[in-house]
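# give me a model of this one.
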Amino acid sequence: MKRFAASCVTMAGIVLIGFFGCTTTTLTSVWKDETLKPHYFKSVVVAGVTENQDAREVFETVFAREFDAIDVRAVPSLSIIREYENLTPDRLIRQARENQLDTVLVTRLIEIAEKIFYQTPINDPLIDMKGSITRHEHYRLESKLYETRTGKMVWTASFETVDPKNVNSAIGSLANALMKELRASKFFR
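A predicted model of the protein is given here:
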């Protein structure tokens, strides 16, 4: 009976891994300027740094909606700087000041890496599972938050997304993880 229960637990674990194999984004590191007095920002320029204008537009639109949902005025960087070549933190900060916005959030892709995993065989008469190799694409992204009044970076975080199904699901997953962390850091309500 114990052997059967152990087999069921093993099988349940395998099934759960299958269910949770969708696009997920996890926080891998975070830094916050601890010298900054605690306060909530009320506005932000959202910038997705990529040469792909369509992906940039989708990214910035999704993030602007996320900020709007928590009553933070959000402006996609595309509405103030069209050209990718001019999309620098200094220029974004200047434009944000001119538009009376508190912060600039800049997100960029750092790395795409393929990771290979080997699943050892399970030697159990109730579960006939051979060893297998799986490959997963890992996307590392970095986000930085700048305060426009001082021009200083006040927060940065790295995130990892595994096997995104498409651009929209990857952006949605990143938006959830990033917004959760920004709110936990007490920059936005």
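# mind listing the helices for this protein?
Counting by DSSP state H, one finds helices in the chain at the ranges 2-19, 53-69, 89-98, 167-184.
# quick one, which of those gets closest to Gly151.
Among the helices of the chain, helix 89-98 comes nearest to Gly151, with 5.2 Å by Cβ to Cβ. Using the backbone N, CA and C atoms, a C-beta is placed for each residue, glycine as well.
# which strands and helices sit next to that closest one?
In terms of contacts (3 or more Cβ pairs under 8 Å, 6 or more residues apart in numbering; DSSP states H and E), helix 89-98 is packed against strand 43-49, strand 103-119, strand 132-147.
# looking at the helices of the chain, which is nearest to Arg135?
That would be helix 2-19 among the helices of the chain, by Cβ to Cβ, at 15.3 Å.
# now do the closest one, average pLDDT.
Average pLDDT, helix 2-19: 31.
# pipe the helices and strands packed on helix 89-98 into CSV and attach mean neighbour count and mean pLDDT per row.
Formatted as CSV, these follow (neighbours: other Cβ atoms under 10 Å; pLDDT from 0 to 100):
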stretch, mean neighbour count, mean pLDDT
strand 43-49, 24, 96
strand 103-119, 15, 89
strand 132-147, 16, 90
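# now Val46. Nearest residue, chain neighbours left out?
Spatial nearest neighbour of Val46, excluding adjacent residues (Cβ to Cβ, 6 or more residues apart in numbering): Phe63 at 4.3 Å.
# thinking again about what came up before, out of the helices of the chain, nearest to Ser132?
helix 2-19 (11.3 Å).
# please identify the buried residues of stretch 79-89?
For stretch 79-89, the neighbour count (16 or more other Cβ atoms under 10 Å) marks Ile80, Ile81, Leu87 as buried.
# separation between the residue nearest to Val46 and Thr107?
To Thr107, Phe63 is 8 Å away according to Cβ to Cβ, to the nearest Å.
# got it, and Arg91?
16 Å.
# equivalent analysis for Val49, please.
7 Å.
# and what of Ala55?
11 Å.
# let me know whether Thr26 touches Phe159 as I believe.
Yes - counting by Cβ atoms under 8 Å, Phe159 is a contact partner of Thr26 at 6.7 Å.
# shared neighbours of these two, anything?
Common neighbours of Thr26 and Phe159 (criterion: Cβ atoms under 8 Å, 6 or more residues apart in numbering): Ala177.
# which of those two has more neighbours?
Phe159 (22 against 11; other Cβ atoms under 10 Å).
# for that one, what are its contacts?
Here Phe159 is in contact with Thr25, Thr26, Leu27, Thr28, Arg140, Leu141, Glu142, Ser143, Leu174, Ala177, Leu178 (Cβ under 8 Å, 6+ apart).
# cool, and Leu87?
Ala47, Val49, Ser77, Ile81.
# spatially nearest residue to Phe187 (excluding sequence neighbours)?
Phe41 is the one closest to Phe187 (Cβ to Cβ, 6+ apart), at 5.6 Å.
# residues near the one you found, how many?
There are 21 residues near Phe41, going by other Cβ under 10 Å.
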